[in-house]
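Engineer: here is a sequence together with a model predicted from it:
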Number of protein chains: 2
Amino acid sequence: MISIAILGAGNVASHLYKAFSKSDTVDVKQWYNRSYDAIKSFKNETEVIDDLAKLKEVDVYILAVSDDALEEFSKTLPFNNRFIVHTSGTVSMYALDKKNKRGVFYPLQSFSKDANVNFENVPFCIETEEKSKMQMLKDLANALGSKYYKITTEQRKTLHVAAVFINNFTNQMYRIAHEISDAENIEFDLLKPLILETANKVQDMSPYMAQTGPAKRNDKKTLKKHLKRIENEEHKEIYKLITKSIQKTHGIKYRFDIKRKKH
Amino acid sequence: MISIAILGAGNVASHLYKAFSKSDTVDVKQWYNRSYDAIKSFKNETEVIDDLAKLKEVDVYILAVSDDALEEFSKTLPFNNRFIVHTSGTVSMYALDKKNKRGVFYPLQSFSKDANVNFENVPFCIETEEKSKMQMLKDLANALGSKYYKITTEQRKTLHVAAVFINNFTNQMYRIAHEISDAENIEFDLLKPLILETANKVQDMSPYMAQTGPAKRNDKKTLKKHLKRIENEEHKEIYKLITKSIQKTHGIKYRFDIKRKKH
């Protein structure tokens, strides 16, 4: 049995509390938050506290507080040489005060307050200062049915950039398609199955192999027709740039946006 | 019972044949292809032919041949005043020879040869020259358990542009994330759940509402860190352009790529 304490009461903290409290191999000994009100409704399930001095000794302290607060917060912990981890995608492991043994237990997923989280679909990026502590974080991930990946602080920062492409930029592609279809009174619902299919396809196949369409085929006629049909200048610019990117990826020399020199 | 003939033996034709032949409300009377070999293995299930002159009278002829061939092919049909539809996303309904009654029965999904298609997840764009024929296409979609949307030829062309953003461009976002993570020896598998979550989120929520991340938050510190971390110039350019697009969508005035004037 691994004993843990959860510190913080935001989305990640709350979801982790709920998931760990259902586990047979993890005992949530205490839940700390600086505001007692946010967690008091759980006082019959676990020991909820708002005073750091009351923290008992546990195997792992999970610091799920905001990125900006982590560094200072870790200094205020009234103990040394214990194992503390944060759950942030962007903060270095070394931002935590070195008086304790440090690690990272970062769930790569965006959490909403209300939606239920199925942790089987949430991969954890784990990192520890001391090799011997790694197994503890693997056990925590296993307790949630989650996959885990050993990821360094540097890798985690790169991962955050990749996640922006996967999540925010992809979502903006959906948004532009929404604007384009709305302008012609086409229901966006019509495009939703294609969104899912595109995401499903790369679960078993690389994005490279999964690519199709006029850019990949270098279908100049269609590319020109599409550009003519797009009215928004910014959407045109994006159409050109991503088409160019696809063609570069697939080794196509033709670039439809490069003007021919006249002399 | 609606009687149909399928013409062609490509991906769309084959998947439609298999799906309709399981339906209780549709009778696939004949399957035509100019090459008999491609369809002869189905001769015990339906009448397979390679001679247009042998086509019997049915309620709907589904012309699932290549986009480029459609116009000419429709001229070679040895009958008049019957109901013919094509299955293309890009060809005008009016490209079909006007000696017959024309329509479009376009499944908005990308089909692979081998993968099984669940038509419940495939929306059909339907269009008919004569209003009275519309019900027939609705019945065909219903027979497959598919949703249908009345879409004009002009709307269908716009839809094709939107689908490029949804499918090809989104896939290129995955590809770039793959390149970025590969360069740091991060397994792409780690990002796959986020791909699915992003696609699932917009099934019940608009992409506008679903947006998160540093561009939307106008988190300048993170935007700058990310740009510094991206080494590939083309990826940098895409990062800037899509960030700008997100900020425009969400009414944020700050543009981190606009240089300040020095005097």
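Structural biologist: Looks like it arrived, so ask away. As the structure is a prediction and not an experimental result, all values here were calculated from the model.
Engineer: ok, longest helix in chain A?
Structural biologist: In chain A, with assignment by DSSP state H, the single longest helix is helix A:233-249.
Engineer: angle of it against helix B:233-249?
Structural biologist: Helix A:233-249 and helix B:233-249 are oriented at 160 degrees to each other (axes from the mean of the first three to the mean of the last three C-alpha atoms, to 10 degrees).
Engineer: can you point out the buried residues in helix A:233-249?
Structural biologist: A:235-236, A:238-247, A:249 (16 or more other C-beta atoms under 10 Å in any protein chain shown). Placement of C-beta: from N, CA and C, glycine included.
Engineer: what does stretch A:87-96 give?
Structural biologist: A:87-93, A:95-96.
Engineer: now the helices for the stretch 1-150 of chain A?
Structural biologist: With DSSP state H, counting those that start in this stretch as the criterion, the stretch 1-150 of chain A has helices at A:11-21, A:70-75, A:134-143.
Engineer: for chain B, find the nearest of the ones you listed.
Structural biologist: helix A:11-21 (11.7 Å; C-beta to the nearest C-beta).
Engineer: does chain B sit close to the closest one?
Structural biologist: No: contact of helix A:11-21 with chain B (C-beta under 8 Å from any C-beta of the partner chain) is absent, the minimum separation being 11.7 Å.
Engineer: counting by contacts, list what that helix packs against.
Structural biologist: strand A:2-7, strand A:26-32 (3 or more C-beta pairs under 8 Å, 6 or more residues apart in numbering or on different chains; DSSP states H and E).
Engineer: next up, the contacts around the residue nearest to residue A:198 when sequence neighbours are not counted.
Structural biologist: In space, and not counting its chain neighbours, residue A:198 is closest to residue B:167: 5.0 Å by C-beta to C-beta, 6 or more residues apart in numbering or on different chains. By C-beta atoms under 8 Å, 6 or more residues apart in numbering or on different chains, the contact set of residue B:167 is A:194, A:197-198, A:212-213, B:110.
Engineer: up against chain B, what does the stretch 1-150 of chain A have?
Structural biologist: Of all the residues in the stretch 1-150 of chain A, those lying near chain B are A:90, A:108-110, A:121-123, A:125, A:147, A:149, going by C-beta under 8 Å from any C-beta.
Engineer: mind running it again at 10 Å?
Structural biologist: Within the stretch 1-150 of chain A, the positions lying close to chain B (C-beta under 10 Å from any C-beta of the partner chain) are A:67, A:90, A:107-112, A:115, A:118, A:120-125, A:146-149.
Engineer: can you select the buried ones among these for me in ChimeraX?
Structural biologist: Per 16+ other C-beta under 10 Å, the buried members of the residues of the stretch 1-150 of chain A next to chain B correspond to this ChimeraX selection:
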select /A:90,107,108,109,110,111,121,122,123,124,125,146,147,148,149
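Engineer: the residues of the stretch 1-150 of chain A next to chain B in strands, which ones?
Structural biologist: Judged by DSSP state E, strands contain the following of these: A:107, A:124-125, A:148-149.
Engineer: of those, closest to chain B?
Structural biologist: residue A:149 (5.2 Å).
Engineer: isn't that closest one right next to residue A:123, touching?
Structural biologist: Yes: assessed by C-beta atoms under 10 Å, residue A:149 is found in contact with residue A:123 at 6.1 Å.
Engineer: which residues are in contact with each of these two?
Structural biologist: A:106, A:108, A:141, B:187, B:189-190 (C-beta atoms under 10 Å, 6 or more residues apart in numbering or on different chains).
Engineer: if we can go back for a sec, near chain B, from the buried residues of helix A:233-249?
Structural biologist: A:235, A:238-246, A:249.
Engineer: with pLDDT added, can I get those in TSV?
Structural biologist: Shown next, in TSV, are those (pLDDT from 0 to 100):
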residue	pLDDT
A:235	97
A:238	98
A:239	98
A:240	97
A:241	97
A:242	98
A:243	97
A:244	96
A:245	97
A:246	97
A:249	96
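Engineer: state the mean pLDDT of stretch A:127-135.
Structural biologist: The average of the pLDDT scores along stretch A:127-135 is 97.
Engineer: neighbours around residue A:44, how many?
Structural biologist: 6 (other C-beta atoms under 10 Å in any protein chain shown).
Engineer: correction: the previous question concerned residue A:153.
Structural biologist: 15.
Engineer: wait, residue A:65 touches residue A:84, no?
Structural biologist: No: counting by C-beta under 10 Å, residue A:65 stays clear of residue A:84, with 11.4 Å between them.
Engineer: what touches both of these two?
Structural biologist: The contact lists of residue A:65 and residue A:84 share A:7, A:73-74, where a contact means C-beta under 10 Å, 6+ apart.
Engineer: quick check: the farthest pair among the contacts of residue B:167?
Structural biologist: Across the contacts of residue B:167, no pair lies farther apart than A:197 and A:213, at 13.3 Å, counting by C-beta to C-beta.
Engineer: touching both of the two, which residues are there?
Structural biologist: B:110, B:167.
Engineer: which SS state does the residue nearest to residue A:198 fall under?
Structural biologist: helix (DSSP: H, G, I helix; E, B strand; the rest coil).
Engineer: burial of the residue nearest to residue A:128 when sequence neighbours are not counted, as a residue count?
Structural biologist: In space, and not counting its chain neighbours, residue A:128 is closest to residue A:103: 4.0 Å by C-beta to C-beta, 6+ apart. By the criterion of other C-beta under 10 Å, residue A:103 has 23 neighbours.
Engineer: ok so, going back, export the buried residues of helix A:233-249 to TSV and tack on distance to residue B:226?
Structural biologist: Formatted as TSV, the buried residues of helix A:233-249 follow (distance: C-beta to C-beta, whole Å):
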residue	distance to residue B:226
A:235	23
A:236	25
A:238	18
A:239	23
A:240	23
A:241	17
A:242	18
A:243	23
A:244	21
A:245	17
A:246	22
A:247	24
A:249	21
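Engineer: please report how far the closest residue to residue A:137 other than its chain neighbours lies from chain B.
Structural biologist: Of all residues not flanking residue A:137 in the chain, residue A:126 sits nearest, at 4.2 Å (C-beta to C-beta, 6+ apart). When distance is defined by C-beta to the nearest C-beta, to the nearest Å, residue A:126 is 11 Å away from chain B.
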